[in-house]
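Engineer: predicted coordinates and the sequence they were generated for:
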Amino acid sequence: MSDDRAPARQPRIGVYVCHCGGNISGAVRCDVVARLSERLPDVTVARTDESLCSDGGQSRIEQDIRELGLDRVVVGACAPSLHEQTFRGAVARAGLNPYLYHHVGLREQDSWVHGHDKEGATEKAVRLMAAGVAKARLLRPLEAIRLGAEKHALVIGGGVAGLRAALDVARQGLRVTLVEKSSFLGGRMAQLGPVFPTGEDARALLRELIEAVCAHPDIAVLTRAQVVAVSGYVGNFDVRVERHALAGHPSDPAALLEPGTQGTDAPDVSGSSRQLEEDPVETVSLTVGAVVVATGFDPYQPPRGEHGFGELTQVVTLPQLVRHLASAKERGPLEWNGRPVRDLALIHCVGSRQVEGVHAPQADGQVNAYCSRVCCTASLHTLEQLHQRYPGLNLYDLHQDIRTYGRGHEDYYQRTRSGGVRFLRYHGEQPPVVTAAPEGDSHPVLVKVADALTYGREIEIAVDLVVLAVGMMPRDVDDLVRMLKISRGADRFLLEVHPKLRPVETAVNGVVLAGTAQGPMNIQESLNAASAAAAKVSALLGQGRVELPPFVAAVDASRCDGTGACVAACAYEGALALRISEEKGRQLRRAVVTPANCVGCGACVSACPNGAIDVQGWTLAQYEAMVAALGLDVPALAGTEP
């Protein structure tokens with residue numbers, strides 16, 4: 001447990017206030033904050049900098065530590081989640097314990113909140129920095145928690161992202177177990193034909209990847225398997241997998257791509273639940289160091305009646321049409337349900353960019369307000385294929401916007417536009433209306449749209465087939481979310497720590513995301529995300545050990561009398577336990593912390609009646625010092641230079 005008594009010698013504290021490129025200095029007078037901070041007890045130097053996180057800003061801190069003998073550092077900058085690790089690294093490079101550093105969030109907690117009040121924002125910044133200095137005086141050196149790690153990774157999901165992640169991890173010398181719920185590998189990509197922007201055959205690409213995965217000696221592939229229990233912590237996760245017996249399972253890896261694109265209905269990528277229930281089950285126990293979640297997505301399933309889906313046989317989804325084209329003869333007219341298709345309308349954003357009050361909510365009461373990103377290019381790619389294969393086909397594209405954001409994707413729009421596809425634009429609040437045509441009409445379906453490109457003119461199109469470009473939906477993996485203790489974002493896809501700084505990591509150490517489990521992505525983006533996840537896993541487990549931050553609970557055994565109140569308050573399995581030890585012939589019951597399972601939430605601190613437990617780096621004494629500093633008198637700001 002940390003000792004918060006006064007240090008053996010007075011600390012020498014360096015204070016640094018960042019302008020943050022105007023984000024902070026636009027509301028806070030940083031020079032005034034630095035000048036007043038320098039008057040605080042034990043502050044040796046106080047400086048400002050335009051961008052402390054830059055190489056120059058970090059070098060200045062390192063130089064001051066070496067030349068001025070600083071033994072504590074306080075930085076006022078943007079959110080700790082962004083650059084706390086950056087400054088810890090700078091402090092460590094200068095030879096100082098990285099935990100003798102405290103970060104104050106002046107941007108999110110001050111300048112962005114009080115941009116209308118410079119004087120108030122500056123005074124608040126002074127108080128926040130004073131609190132940071134008060135805490136810094138009581139900081140003590142800490143050591144990272146070091147744990148042994150199994151050089152073995154679990155990949156959940158056998159789609160293209162899971163396959164890529166498994167292969168990349170194995171190529172770094174780590175063992176991999178890939179668990180796939182269905183009987184086959186390849187996921188949704190196995191249902192595609194040519195892929196954009198290269199035009200290569202999806203199944204040929206998958207076959208090559210599957211063969212490489214199955215041939216690698218360090219990869220074990222478990223199909224028709226499901227993770228049913230996870231416990232432990234980064235470096236040592238205990239995993240239980242239930243696998244359904246595979247009678248006569250093909251030995252040829254290419255046969256794992258069996259479903260193909262035959263027919264208009266989606267192949268069963270999840271396996272037959274009824275059949276699985278009847279099959280014998282074997283249990284596989286694993287100990288792994290890290291987990292890659294690559295569980296994929298589900299296409300949006302329009303409810304009955306949306307744009308006529310489920311009521312009119314001539315209304316289909318884009319995935320259905322793609323599978324139909326892959327199995328249709330190259331020559332001859334396009335047909336659907338035995339009838340020739342002469343006119344076809346494709347409607348974008350079905351199940352994406354939904355509007356509250358216009359679209360029916362999902363089961364959880366939310367609408368899919370997000371953009372699925374991939375649909376625009378996928379739609380244009382399909383329209384181009386249709387135009388090339390069936391030159392006489394009349395094609396209509398009904399969209400809110402065309403968002404072809406990838407390299408080479410805009411070319412599909414240019415080619416389809418010049419190739420005769422007619423584009424109509426609608427507003428999300430006024431989606432197209434699809435109805436059955438009157439009996440005896442030349443076409444079976446009518447599509448009405450208020451076309452924004454002609455200033456809201458209502459246009460009626462008679463067509464033989466309506467194609468709904470459905471978006472991506474987060475897959476139902478609530479069981480995994482609970483087992484792994486990971487989170488979903490506002491869009492219900494699995495949530496990363498930070499979209500830029502930690503784009504594939506979850507808040508749970510050792511659990512990373514790959515592919516469309518995290519959000520809508522095209523194939524190339526899924527592969528890139530999978531490789532990024534593999535790189536994280538390889539860096540984490542490559543040395544056979546992991547390091548965790550030391551901000552965990554610590555028990556003062558001299559104060560602990562084993563009431564168990566802390567254990568009862570702890571919400572994290574295995575973090576706290578009561579153990580009996582023998583001292584001087586007496587049996588004593590004491591609380592014991594397992595650091596790897598502790599998240600430093602502090603619930604145990606408030607529960608202990610004896611004050612025998614604290615969180616390292618965030619002790620009660622440090623909090624009390626910060627609160628006292630916040631209430632100190634701040635010298636009048638009037639008269640200070642602007």
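Structural biologist: Sure thing, it's come through.
Engineer: ok, what's across the strand from residue 502?
Structural biologist: Going by DSSP bridges, residue 502 is paired in beta bridges with residue 498.
Engineer: how many other residues sit next to it?
Structural biologist: Residue 502 sits with 15 neighbouring residues when counted by other C-beta atoms under 10 Å. C-beta here means a position set from N, CA and C on the backbone, and glycine is covered the same way.
Engineer: right, and it touches residue 495 too?
Structural biologist: No: here residue 502 lies out of contact with residue 495, judged by C-beta atoms under 8 Å, at a distance of 11.0 Å.
Engineer: just for the stretch 301-450 of the chain, where's the confidence low?
Structural biologist: For the stretch 301-450 of the chain, no stretch is flagged by pLDDT under 70.
Engineer: er, the chain I mean
Structural biologist: 1-8, 246-255, 258-278, 635-642.
Engineer: mind giving me the domain split of it?
Structural biologist: 1-144+617-642, 152-296+475-546, 302-472, 552-615 (automatic domain parsing).
Engineer: tell me how far residue 11 lies from residue 70.
Structural biologist: Counting by C-beta to C-beta, to the nearest Å, the separation of residue 11 from residue 70 is 9 Å.
Engineer: more crowded one of these two?
Structural biologist: The neighbour comparison of residue 11 against residue 70 (other C-beta under 10 Å) goes to residue 70, with 24 against 19.
Engineer: packing partners of the strand or helix carrying residue 529?
Structural biologist: Using DSSP states H and E, the element containing residue 529 is helix 523-541. Packing partners of helix 523-541 (3 or more C-beta pairs under 8 Å, 6 or more residues apart in numbering; DSSP states H and E): strand 152-156, helix 160-170, strand 290-293, strand 511-513.
Engineer: okay if I get those as TSV plus distance to residue 82 and mean neighbour count?
Structural biologist: Compiled in TSV, the helices and strands packed on helix 523-541 are given as follows (distance: least, C-beta to C-beta, whole Å; neighbours: other C-beta atoms under 10 Å):
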stretch	distance to residue 82	mean neighbour count
strand 152-156	28	28
helix 160-170	26	29
strand 290-293	24	28
strand 511-513	20	29
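Engineer: which of these sits closest to residue 402?
Structural biologist: Among the helices and strands packed on helix 523-541, the nearest to residue 402 by C-beta to C-beta is helix 160-170 (25.5 Å).
Engineer: so how far is residue 94 from the residue positioned nearest the centre of the chain?
Structural biologist: The chain has residue 496 as the residue nearest its centroid, 2.6 Å off, counting by C-alpha atoms, centre = their mean. From residue 496 over to residue 94 the distance is 31 Å, taken as C-beta to C-beta.
Engineer: repeat for residue 494
Structural biologist: To residue 94, residue 494 is 38 Å away according to C-beta to C-beta.
Engineer: what about the two, which has more around it?
Structural biologist: residue 494 (25 against 19).
Engineer: was I right about that one contacting residue 291?
Structural biologist: No: Residue 494 is beyond contact range of residue 291, at 11.9 Å (criterion: C-beta under 8 Å).
Engineer: buried set for stretch 435-450?
Structural biologist: Buried residues in stretch 435-450, defined by neighbour count with 16 or more other C-beta atoms under 10 Å: 437, 443, 444, 445, 446, 447, 449, 450.
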